[in-house]
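Participant: what follows is a predicted protein model with its sequence.
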Amino acid sequence: LIAVALTAFLVYITGLYGASLAYLGDFVSSAMVYMQFGDGFPKEIENQSYKQSERMGSALCILDADSLSFYSPTADKVYDYYHSMNNPVISAAGKRVAIYNANDTSIKILNAHNVLFSQEMPNDIIHASLSENNHLAVTTKSQSYNGEVKVFDSQMKEMFTWLNAKSFPVQSFLSPKATKLAVSCILTVDGKLNSHIYVIDTQTGEELFLLENSGDVALGVQFIKENTLLVFY
């Protein structure tokens, strides 16, 4: 068992691994983040092109115009990923972060040490988010509909595509175990901006609920628990 674990570890740190070792990569990467010690927070970080920061489990992700940087819980820099994207956006979960080019088709999934997956979407990306169990929801434009959402499992295999012809999807979020998908959409009715939030079963693709709100737009959507959804207006 020790020999197998050491072999898998060496395969991971050398980058010679595939999707089957992605979970191992998450575990090793998370452990290595804890093992890197810095001077602690608060920490002043010189960054003139700061764009976004997100918590990824025990790590801190800081995005700027050139790179995505990871810091340990004690503020030691763990890894720099140079993304070469014009308009980068990140979304983080427990052990992974998604980085994508807004209004472009490229998206990548990383942990705190490596790029795990790289994917080109068929249409421009509007929004993407990760669940706690590493599933991915990607909201994109569509050639035949107002928009669509693709859901991928932890190995980046597509589970299903949800299409919308009634309103315009702007954000999508998965529950912690990825059993449900919430999609926030907007549309105009009689000159008023309306907000529609669809809740969908990811196993069947069935629409379970539709939350309608006239005159207010949902600013944020978040699953607190598997069956509890928080909406900000």
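Facilitator: The structure has been received and is ready for your questions. Numbers count the residues shown, from 1 in each chain.

Participant: show the pLDDT at Ala218.
Facilitator: Looking at Ala218, its pLDDT reads 87.

Participant: is it in a helix, a strand, or coil?
Facilitator: State at Ala218, reduced to three classes by DSSP: H, G, I helix; E, B strand; the rest coil: coil.

Participant: that one contacts Ser184, correct?
Facilitator: Yes - Ala218 lies in contact with Ser184 (CB atoms under 8 Å); the separation is 4.8 Å. Just so you know, the C-beta spots here come from the backbone N, C-alpha and C atoms, and that holds for glycine as well.

Participant: find residues that contact each of those two.
Facilitator: Both Ala218 and Ser184 are in contact with Gln171, Ser195, Ile197, where contact means CB atoms under 8 Å, 6 or more residues apart in numbering.

Participant: immediately after whichever helix in the chain runs longest, which helix or strand?
Facilitator: Longest helix of the chain, by residue count under DSSP state H: helix 22-35. Next helix or strand after helix 22-35 toward the C-terminus (DSSP states H and E): strand 50-56.

Participant: I'd like the next helix or strand past that following strand.
Facilitator: Toward the C-terminus from strand 50-56 - assigned by DSSP H and E - lies strand 59-64.

Participant: so what touches that following strand?
Facilitator: The contact list for strand 59-64 (CB under 8 Å, 6+ apart) reads 30, 33, 45, 47, 49-55, 68-73, 75, 78, 88-90, 92, 97, 99, 112.

Participant: please pick the buried ones from the residues you listed.
Facilitator: Among the contacts of strand 59-64, the ones that count as buried by 16 or more other CB atoms under 10 Å are 30, 33, 53-54, 68-73, 75, 78, 88-90, 92, 97, 99, 112.

Participant: so which of those residues belong to strands?
Facilitator: Per DSSP state E, strands hold the following members of the buried ones among the contacts of strand 59-64: 53-54, 68-71, 78, 88-90, 92, 97, 99.

Participant: go through those and name the one nearest Gly38.
Facilitator: Nearest to Gly38 out of those is Tyr71 (CB to CB; 7.4 Å).

Participant: what sits against that closest one?
Facilitator: Gly38, Lys43, Ala59, Leu60, Ile62, Lys77, Val78.

Participant: also Thr188?
Facilitator: Thr188 sits next to Asn194 when contact means CB under 8 Å, 6+ apart.

Participant: make sure it is indeed in a strand.
Facilitator: Yes - secondary structure assignment places Thr188 in a strand (three-state DSSP).

Participant: quick check: bridge partners of Met50?
Facilitator: Just to correct that, residue 50 is Tyr rather than Met. With DSSP bridges as the criterion, Tyr50 is bridged to Asp64.

Participant: please apply the same query to the one 4 residues further on.
Facilitator: Counting by DSSP bridges, Glu54 forms beta bridges with Cys61.

Participant: check Leu211 too.
Facilitator: Beta-bridge partners, per DSSP bridges, of Leu211: Ile197.

Participant: can you tell me how far it is from Ile125?
Facilitator: Using CB to CB, to the nearest Å, Leu211 is found at 24 Å from Ile125.

Participant: the two: who's more crowded?
Facilitator: Taking other CB atoms under 10 Å, Leu211 and Ile125 do not tie; Ile125 has more neighbours (22 against 15).

Participant: circling back to that earlier point, same for the longest helix of the chain, what does it pack against?
Facilitator: Identification of packing neighbours for helix 22-35 by 3 or more CB pairs under 8 Å, 6 or more residues apart in numbering; DSSP states H and E yields helix 2-13, strand 115-120.
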